[in-house]
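Visitor: I would like to see how this sequence folds:
(one chain, ligands or ions: 1)
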Amino acid sequence: MKIAVAKGDGIGPEIMDAVLKIFNANKVPLEYEMVEMGKWVFDKGFSNGMTPHAKLTIENLGILFKGPMETPKGKGMKSINVTARKTWNTYANKRVFQTLYGVDTVFSKAGIPVDITVVRENIEDTYGGIEHMLTHDVALSRRFITRPGSLQVIKYAFEMAKKKNAKRVTCAHKANIMKISDGLFLECFYEVAKKYPELKSDDVIIDDLCMKLVTRPDNFDVIVLTNLQGDIVSDLCAGLVGGLGFAPSANIGDHICIFEAVHGTAPDIAGKNIANPTALLLSGIAMLRHLGFMKNAAEIENALLYTLEQGIHTGDFGEKTRPPLNTTEFAGAIISNFGKTPAQGAKPLLENMPATTTHFKLEKNPLMVTEEMEQEKIVGADFFIESTEQPDIIARKCERHAGEKFKLINLSNRGTQVWPTGSVYTNLVNQFNARFESVDTAPVRQQDIIALYLGLSGDFKICSSELLNMWGDKRAYSLAQGQ
Ligand code: NAI
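Guide: I've put the predicted structure just below:
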């Protein structure tokens, strides 16, 4: 079997060489095709950080094992790491955080074992990177949470939890504030959970989760969450088990999967052969299991655990009284420990677990749509307008354009209602949301909204607008604070 390998930038080549040396010493039956990705490819003029040949190779082989990569700063380039995850729809980012003996943490010293798997949605949320300056003072970032995207990652989390004999799946969210977007994610979670009665399912608000993770991490098992919240919680969990040097990551899609360490290119130590290859090695071990090489995976993992237990370490962790090994020496120590059993017990072979690789060629872009349950009707629009005037003056101007079909419901500023009721203590910025609803929430056509838009544009610069939809009796838009 052949896989694509990109060594990456900074410490990437050093740690990738160390990991491949360990794989080769263990006779892992893989061939590696090196692909051109990373900062040096941006520098050669490829604006997405990879050559067309690299893209084709990865799409043909279905597996990318990659080192960390740097995205040039301040040139408007999108992160190569995010581009790769999104382009190939690796919708689930799985990160396993386990206590490693020999890696001292507050929890290992207190005898509290950590074994948490974070499944982070990997495509949507603010990572769409769709951002606009609406006025000189106001930036807008769009946050997409979709039903098919949420269902896809949540189903993966439950399937994975079942396979690894987990007891509990927890959905973390901020649905108390983002009632529509995080509310949708949470709704999808409980929809999927119904199909897995053997697993305990529950939910927790993200801030509460963070507090609970740093006090009793052993209470958690599998956690599934949206992209940005997942990003933050993953790094928090990395801290629980000893830092980024021990955090592996698998980006799972239906066709293409990417295995990489969580950490970056560590420019401060690059080229010195002192980086810790453990996170990339753990990612590689997860990849071997994904491909069905259970015996190689278990042998290498046992050797790694044994090595760590012996107090052998690189410069970034471990007992300071014992001199650190460099990257090459650390890889050599792991190789010399093949066949040894760690004191905490050998890792199970997991031979009965089927390989999860599912790569096959696609002819066209898969479209994900769920069934429409209720009838949709347009009942108004939000117009985001630029103004430095006081709310009552803006309201008077807006009302002139409402006509017979619409009424001005309210004005809000940064999400807080300032007209018809509000407080003079609410500070204003130069952008307001003028909400128009149809009289008696009767359905209106897009043309009616456009006519309203045209009228308003005579008085204001309209920075952005959104339709107000209703699905059946359910309002598909949020209320302003104080509305
Ligand atoms: P970083 O993870 O590269 O470094 C943070 C700190 O951790 C540094 O002190 C570094 O020396 C240390 N460190 C990281 N990995 C280590 C290892 N294996 N062994 C020993 N020490 C290690 O994060 P930073 O500095 O924020 O980012 C540097 C570059 O990496 C940026 O260009 C960023 O965009 C990129 N990056 C790439 C990622 C990827 O390819 N998936 C992920 C995160 C950052």
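
Visitor: closest approach to the ligand from the stretch 301-450 of the chain, which residue is it?
Guide: Nearest residue of the stretch 301-450 of the chain to the ligand: residue 316, at 3.8 Å (Cβ to the nearest ligand atom). (Glycine included, C-beta is placed from N, CA and C.)

Visitor: now do the same for that residue: helix, strand or coil?
Guide: coil (DSSP: H, G, I helix; E, B strand; the rest coil).

Visitor: give me phi/psi at it?
Guide: phi -80, psi -10 (degrees, to the nearest 10).

Visitor: surely it meets residue 242?
Guide: No - contact criterion Cβ atoms under 8 Å: residue 316 and residue 242 do not qualify, at 9.3 Å.

Visitor: count of residues packed around the residue of the stretch 301-450 of the chain closest to the ligand?
Guide: 18 (other Cβ atoms under 10 Å).

Visitor: which residue packs closest to residue 41, ignoring adjacent ones?
Guide: residue 49 (5.3 Å; Cβ to Cβ, 6 or more residues apart in numbering).

Visitor: pretty sure that neighbour contacts residue 70?
Guide: No - counting by Cβ under 8 Å, residue 49 stays clear of residue 70, with 9.1 Å between them.

Visitor: between those two, which has more neighbouring residues?
Guide: Set residue 49 next to residue 70 and count neighbours by other Cβ under 10 Å: residue 49 wins out with 28 against 21.

Visitor: which residues do residue 49 and residue 70 both contact?
Guide: 38-39 (Cβ atoms under 8 Å, 6 or more residues apart in numbering).

Visitor: which parts of the stretch 51-200 of the chain sit against the ligand?
Guide: 68-71, 81 (Cβ under 6 Å from any ligand atom).

Visitor: not counting sequence-adjacent ones, nearest residue to residue 433?
Guide: residue 412 is the one closest to residue 433 (Cβ to Cβ, 6+ apart), at 4.8 Å.

Visitor: check contacts around the residue of the chain most remote from its centre.
Guide: Residue farthest from the centre of the chain, counting by Cα atoms, centre = their mean, is residue 404 at 46.0 Å. Counting by Cβ under 8 Å, 6+ apart, residue 404 touches residue 439.

Visitor: what score does it have for pLDDT?
Guide: With respect to pLDDT, residue 404 scores 94.

Visitor: okay, and it sits in which element?
Guide: Per DSSP states H and E, residue 404 falls between elements, in no helix or strand.

Visitor: let's number from 32 now, not from 1
Guide: From this message on, residue numbering opens at 32, which makes the last subject residue 435.

Visitor: so which helix or strand takes in residue 126?
Guide: strand 123-129.

Visitor: what helices or strands is that strand leaning on?
Guide: strand 146-152, helix 178-194, helix 258-271, strand 279-283, helix 309-322 (3 or more Cβ pairs under 8 Å, 6 or more residues apart in numbering; DSSP states H and E).

Visitor: ok, 10 Å please
Guide: Secondary-structure packing of strand 123-129 (3 or more Cβ pairs under 10 Å, 6 or more residues apart in numbering; DSSP states H and E): strand 146-152, helix 178-194, strand 253-256, helix 258-271, strand 279-283, strand 288-292, helix 309-322.

Visitor: mean neighbour count added to these, as a markdown table?
Guide: Converted to a markdown table, the helices and strands packed on strand 123-129 look like this (neighbours: other Cβ atoms under 10 Å):
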| stretch | mean neighbour count |
| --- | --- |
| strand 146-152 | 24 |
| helix 178-194 | 20 |
| strand 253-256 | 28 |
| helix 258-271 | 20 |
| strand 279-283 | 24 |
| strand 288-292 | 27 |
| helix 309-322 | 24 |
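
Visitor: mind checking which of the ones you listed is nearest residue 73?
Guide: strand 288-292 (17.6 Å; Cβ to Cβ).

Visitor: packing partners of that closest one?
Guide: Going by 3+ Cβ pairs under 10 Å, 6+ apart, strand 288-292 lies up against strand 33-37, helix 43-56, strand 94-97, helix 111-118, strand 123-129, strand 279-283, helix 309-322.

Visitor: in the helix or strand following the last one, which residues are buried?
Guide: Right, the one you point to is helix 309-322. Proceeding N to C from helix 309-322, the next assigned helix or strand is helix 325-340, under DSSP H and E. Residues 325, 327-340 are the ones in helix 325-340 that count as buried (16 or more other Cβ atoms under 10 Å).

Visitor: next secondary structure after helix 325-340?
Guide: helix 358-367.

Visitor: list the pairing partners of the helix or strand following that following helix within its sheet, with orientation.
Guide: Remark: after helix 358-367, the chain's next helix or strand is strand 407-417, criterion DSSP H and E. The pairing partners recorded for strand 407-417 under DSSP bridges are strand 462-469 (antiparallel), strand 492-502 (antiparallel).

Visitor: and the residue of the stretch 132-281 of the chain nearest the ligand?
Guide: Closest point on the stretch 132-281 of the chain to the ligand, by Cβ to the nearest ligand atom, is residue 276, at 4.6 Å.

Visitor: what's near enough to touch that residue?
Guide: Each residue near residue 276 by Cβ atoms under 10 Å, 6 or more residues apart in numbering is listed here: 46, 134, 269, 292-294, 297, 306-311, 313, 344-345, 347-348.

Visitor: and if we set it to 7 Å?
Guide: Going by Cβ atoms under 7 Å, 6 or more residues apart in numbering, residue 276 touches 294, 307, 309-310, 347-348.

Visitor: now do the residue farthest from the centre of the chain against residue 470, distance only.
Guide: 7 Å (Cβ to Cβ, to the nearest Å).

Visitor: ok, back up a step: residue contacts, the residue nearest to residue 464?
Guide: 449, 463-464, 511.

Visitor: cutoff 8 Å now
Guide: Taking Cβ under 8 Å, 6+ apart, one finds 449, 463-464, 466, 511-512, 514 in contact with residue 443.

Visitor: quick one: which of these has the most company?
Guide: Top of the contacts of residue 443 by neighbour count (other Cβ under 10 Å): residue 463, with 27 neighbours.

Visitor: my read is that that one contacts residue 413, right?
Guide: No - the criterion here is Cβ under 8 Å, and residue 463 misses it with residue 413 at 10.2 Å.

Visitor: quickly list what's touching both of those two.
Guide: With Cβ under 8 Å, 6+ apart, residue 463 and residue 413 have no common neighbours.

Visitor: which stretches of the stretch 282-431 of the chain have low pLDDT?
Guide: Regions of the stretch 282-431 of the chain meeting the criterion pLDDT under 70 cover residues 379-391.

Visitor: swap in 80 and give it another go.
Guide: 375-393, 402-405 (pLDDT under 80).

Visitor: residue in it nearest to the ligand?
Guide: residue 295 (2.4 Å).

Visitor: what helix or strand is the spatially closest residue to residue 247 that is not a sequence neighbour located in?
Guide: Leaving aside its chain neighbours, residue 247 sits nearest to residue 143 (7.5 Å; criterion: Cβ to Cβ, 6+ apart). Following DSSP H and E, one finds residue 143 outside all helices and strands.

Visitor: and residue 143, how many neighbours?
Guide: 16.

Visitor: which residues touch it?
Guide: 247-249.

Visitor: out of those residues, which end up buried?
Guide: For the contacts of residue 143, buried by 16+ other Cβ under 10 Å: residue 248.

Visitor: turn the contacts of residue 143 into JSON lines, including distance to residue 494.
Guide: JSON lines is the format used below for the contacts of residue 143 (distance: Cβ to Cβ, whole Å):
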{"residue": "247", "distance to residue 494": "46"}
{"residue": "248", "distance to residue 494": "44"}
{"residue": "249", "distance to residue 494": "49"}
